[in-house]
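Enquirer: My questions are about this predicted structure, shown below with the sequence.
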Amino acid sequence: MTIAQNPQPQAQQDRDPRLKEIDALTLKQWLDQGRVNLIDVREPSEYAEERIPGAINMPLSTFDPTQVPTSTPEQTVVMQCRMGSRSIRASCQLLDTGWPEVLNLKGGIEAWKSAQLPVTRTPNAPISLMRQVQIAAGSLVVFGTLMGALVNPWWLLLSGFVGSGLVFAGVTNTCGMALLLARMPWNRGQSL
């Protein structure tokens with residue numbers, strides 16, 4: 001059984017040593033034994049696209065720590081996202097509400113897939129939120145550039161605005177366009 005703190009903890013882990021990480025193979029063993037409640041904090045479209053079998057979707061954008069099943073010796077709660085940063089944020093919210101310890105899947109679903117463990121996919125699931133952001137941002141930049149070249153140079157401000165938004169998203173790890181797209185009807189209410 002491998003449970004250890006991340007040797008190079010992220011800022012939120014530095015703040016609270018009660019945040020522990022678990023590797024994908026140990027999680028798989030615990031899932032097979034029915035010893036874990038796995039909470040996937042990715043958005044519904046990401047969850048629909050692919051997920052670890054048995055994971056419960058509780059998106060970070062609407063995350064409510066009071067809705068997470070209580071961790072017991074028989075049923076440990078493990079948090080998970082794509083690579084680990086969103087689930088660390090959700091884990092910190094649990095710790096802030098009084099949880100004595102929280103487990104996080106190190107490397108998220110990407111580590112799970114790297115270990116060649118199975119994922120469940122939903123047929124006809126919407127494309128991932130990140131791809132939607134890339135398509136929307138790219139389209140706005142192309143549109144702004146074309147309109148700036150063909151109609152009026154003021155349209156170039158649209159391309160600059162989108163580019164600034166992408167820089168802001170990269171620096172702060174907060175993407176306003178992703179938050180907006182996550183609320184669109186095709187990304188909500190997936191019944192799986």
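Expert: Received, thanks.

Enquirer: hey, let's count contacts and neighbours off CA atoms from now on
Expert: Fine.

Enquirer: contacts for the longest helix belonging to the chain?
Expert: As far as residue count goes, and with DSSP state H defining each element, the longest helix of the chain is helix 129-150. The list of residues contacting helix 129-150 from outside it, by C-alpha atoms under 8 Å, 6 or more residues apart in numbering, reads 43, 45-46, 153-160, 162-163, 177-178, 181-182.

Enquirer: Now, of the residues you listed, which are buried?
Expert: By the neighbour-count criterion of 16 or more other C-alpha atoms under 10 Å, the contacts of helix 129-150 include these buried positions: 43, 45-46, 155-156, 158-159, 162-163, 177-178, 181-182.

Enquirer: Rebuild those residues as a markdown table, extending it with pLDDT and secondary structure.
Expert: Output for these, formatted as a markdown table (pLDDT from 0 to 100; DSSP: H, G, I helix; E, B strand; the rest coil):
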| residue | pLDDT | secondary structure |
| --- | --- | --- |
| 43 | 84 | coil |
| 45 | 78 | helix |
| 46 | 84 | helix |
| 155 | 95 | helix |
| 156 | 95 | helix |
| 158 | 95 | helix |
| 159 | 94 | helix |
| 162 | 94 | helix |
| 163 | 92 | helix |
| 177 | 88 | helix |
| 178 | 84 | helix |
| 181 | 85 | helix |
| 182 | 79 | helix |
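
Enquirer: Right, I'll leave it there.
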